[in-house]
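> Sequence and computational prediction follow.
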Amino acid sequence: MRAPLLTRRAALTLTSAALIAGLAACATADQDDREDDHGHRDRQTEEPVAYKPVLYLYPPEQTDIEVALDYAGELTFTYPEPAVTSTGVSWQVTASPDGTLTDAGSRSYPYLFWEGINPALMTQTEGFVVQAHEVTAFLEDKLAVLGLTEREAAEFITFWAPRIQATEQALITFAAEQHAAIARYSFTTDGEPLTPEVFIRVYLVIGDVPADPVPEQELIPGPSREGFTAVEWGGCDQRTTTS
């Protein structure tokens, strides 16, 4: 489903109650690949794509939850299919403490999934220069700091590690606050606002290694999980070369 450009939601919005995971992924859409004399292929960035933000929900007891997403970009894919609202899209699910989400048709999902075209590129004024052979160990370490469980981290790594390794090295920035400014969630149950006690959002930005070094990013450790917990991870790839 391709949803129209979304506007801001006036209802309860959660930008980033705590540093978290969803990653939406930023790559580029409508890329014109060109090869230079050294065999490198430059990707001409036109539209930054948010890849695979996924949202996990962990209530303390089985709870019927409506999840509304107000995204400042343009949605290109969602799963399961949400309802279109005046401010974006929304999902109706029954969430279990183990994270299982069940829809009205009794189909179960591990998380809610969406992708879209971001309104602008993310900035990388700080981050980590990571070599291809170091990617897995780097992600295991940083995702543990940010508060992902081993299962969530495994799902993150199996999606992102091969993509990061497309170049010999990359600049990695965790940009949850930038992502939260354009992707806002609100939660309700039985028509009443439902605020997660913990919301962990992890958003990865992959960029070219700059000629001038940038400061190493200082990460804030993820919070302990107590009560209703929401977790999101995603990211985007903003590199201009693929080798």
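Arrived safely, thanks for sending. Residues are numbered from 1 along each chain as shown.
> rest of the way, CA atoms for contacts and neighbours
Fine.
> which element is the nearest residue in space to residue 61 that is not next to it in sequence on?
Nearest residue to residue 61 in three dimensions, chain neighbours excluded: residue 97, at 5.5 Å (Cα to Cα, 6 or more residues apart in numbering). Remark: residue 97 resides in no helix or strand, with elements defined by DSSP states H and E.
> next one: residue 53
Residue 53 belongs to strand 47-58 when assigned by DSSP H and E.
> Could you double-check that the residue nearest to residue 61 sits in contact with residue 60?
Yes - in this structure, residue 97 is within contact of residue 60 by Cα atoms under 8 Å, at 5.4 Å.
> coming back round to it: distance from the chain centre to the very next helix or strand once past the strand holding residue 53, please.
Downstream of strand 47-58, the first helix or strand assigned by DSSP H and E is strand 63-71. Remark: strand 63-71 is offset 16 Å from the chain centroid, using Cα atoms, centre = their mean, to the nearest Å.
> what comes up buried for the helix or strand following strand 63-71?
Downstream of strand 63-71, the next assigned helix or strand under DSSP H and E is strand 74-79. Neighbour counts over strand 74-79 (16 or more other Cα atoms under 10 Å) mark 74, 75, 76, 77, 78 as buried.
> partners of strand 74-79 in the sheet?
Partner strands and pairing direction for strand 74-79 (DSSP bridges) are strand 112-117 (antiparallel).
> Determine the longest helix present in the protein.
As assigned by DSSP state H, the longest helix anywhere in the chain is helix 150-164.
> count of neighbours near residue 102?
Residues lying near residue 102 (other Cα atoms under 10 Å) number 18.
> Can you get me a residue count around residue 153?
That count, for residue 153 with other Cα under 10 Å as the rule, works out to 20.
> which residues touch the longest helix of the chain?
With contact meaning Cα atoms under 8 Å, 6 or more residues apart in numbering, helix 150-164 is reached by 132, 135, 136, 139, 140, 143, 144, 170, 206, 233, 234.
> Is the residue nearest to residue 175 when sequence neighbours are not counted in a helix, a strand, or coil?
Among residues not flanking residue 175 along the chain, residue 203 sits closest, at 5.3 Å (Cα to Cα, 6+ apart). Following DSSP: H, G, I helix; E, B strand; the rest coil, residue 203 is assigned to strand.
> For residue 203, give the beta-bridge partners.
Counting by DSSP bridges, residue 203 is bridged to residue 234.
> pretty sure it is in contact with residue 181, am I right?
No - with contact defined as Cα under 8 Å, residue 203 and residue 181 do not form a contacting pair (11.8 Å).
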